[in-house]
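In: this one's sequence-less:
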């Protein structure tokens with residue numbers, strides 16, 4: 001297989017930057033300090049992680065369960081000479097406690113559509129189970145463990161997923177969620193939730 005064909009195959013298996021990626025990156029770049037250690041969960045192509053690393057000089061780790069995404073994120077960072085550590089893993093589970101000052105996540109949030117369902121990496125990047133919240137809830141179950149005492153989470157959510165239900169699930173885990181920014185599109189409203197531990 002040629003390098004070009006291999007690249008095309010990898011791109012069809014990896015979520016590429018879109019409006020949701022840009023919104024999350026914009027909020028994170030404005031909020032992260034250069035001295036912070038940041039984890040970008042579900043990094044996909046590495047767009048959000050790369051924006052944070054290049055714009056803030058923060059130390060950034062990118063993670064994804066998809067091996068094609070990890071490879072593309074590494075390749076993109078190398079091409080743009082962005083210092084970025086890439087780890088293959090499921091959400092925050094591979095990481096030690098109290099490691100990160102900020103965690104970003106653009107999760108799979110579309111509710112399952114059985115008529116359009118495929119069994120591939122792109123399906124896993126887009127679909128968050130029956131409600132669209134299964135991956136988000138799994139993430140919220142563990143994310144506080146990896147945060148420093150004043151750490152913050154920036155989580156991209158959609159009205160398709162029920163933003164209020166996500167905030168309520170976070171509250172049940174002693175996490176306070178507020179909307180940092182939102183944008184409306186023809187079929188959904190996207191919001192970045194700023195989530196912190198309740199003290």
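Out: Structure's in. What do you need? Predicted, not measured: the structure shown is a model, and the values here were computed from it.
In: For the rest of this, base every contact and every neighbour count on C-alpha atoms.
Out: OK.
In: Next one: the residue nearest the centre of the chain from residue 186, what distance?
Out: Nearest to the geometric centre of the chain sits residue 105, at 2.2 Å (Cα atoms, centre = their mean). Applying Cα to Cα, to the nearest Å, the value for residue 105 to residue 186 is 23 Å.
In: Likewise for residue 21?
Out: For residue 21, the distance to residue 186 equals 17 Å [Cα to Cα].
In: wait, what's in contact with the residue nearest to the centre of the chain?
Out: 40-43, 153-156 (Cα atoms under 8 Å, 6 or more residues apart in numbering).
In: By neighbour count, which of those residues wins?
Out: residue 43 (35 neighbours; other Cα atoms under 10 Å).
In: wait, isn't that one in contact with residue 69?
Out: Yes: the criterion here is Cα atoms under 8 Å, and residue 43 meets it with residue 69 at 7.2 Å.
In: lowest average confidence, helix or strand, in this protein?
Out: helix 3-11 (a mean of 45; mean pLDDT, DSSP states H and E).
In: May I ask which helix or strand encompasses the nearest residue to residue 86 once chain neighbours are set aside?
Out: What sits nearest to residue 86 in space, not counting adjacent residues and going by Cα to Cα, 6 or more residues apart in numbering, is residue 62, at 4.7 Å. Assessed by DSSP states H and E, residue 62 sits inside strand 59-64.
In: Which secondary structure elements does that strand sit against?
Out: strand 37-41, helix 47-56, helix 67-79, strand 85-88 (3 or more Cα pairs under 8 Å, 6 or more residues apart in numbering; DSSP states H and E).
In: Averaged pLDDT, the shortest one. What do you get?
Out: For strand 85-88, mean pLDDT is 96.
In: Tell me the gap between the helix or strand just after that strand and the middle of its chain.
Out: Next helix or strand after strand 85-88 toward the C-terminus (DSSP H and E): strand 100-105. Relative to its chain's centre, strand 100-105 lies at 9 Å (Cα atoms, centre = their mean, to the nearest Å).
In: what angle separates strand 100-105 from helix 47-56?
Out: 140 degrees (axes from the mean of the first three to the mean of the last three Cα atoms, to 10 degrees).
In: what's the angle from strand 100-105 to strand 37-41?
Out: Using the same axes, to 10 degrees: strand 100-105 against strand 37-41 is 20 degrees.
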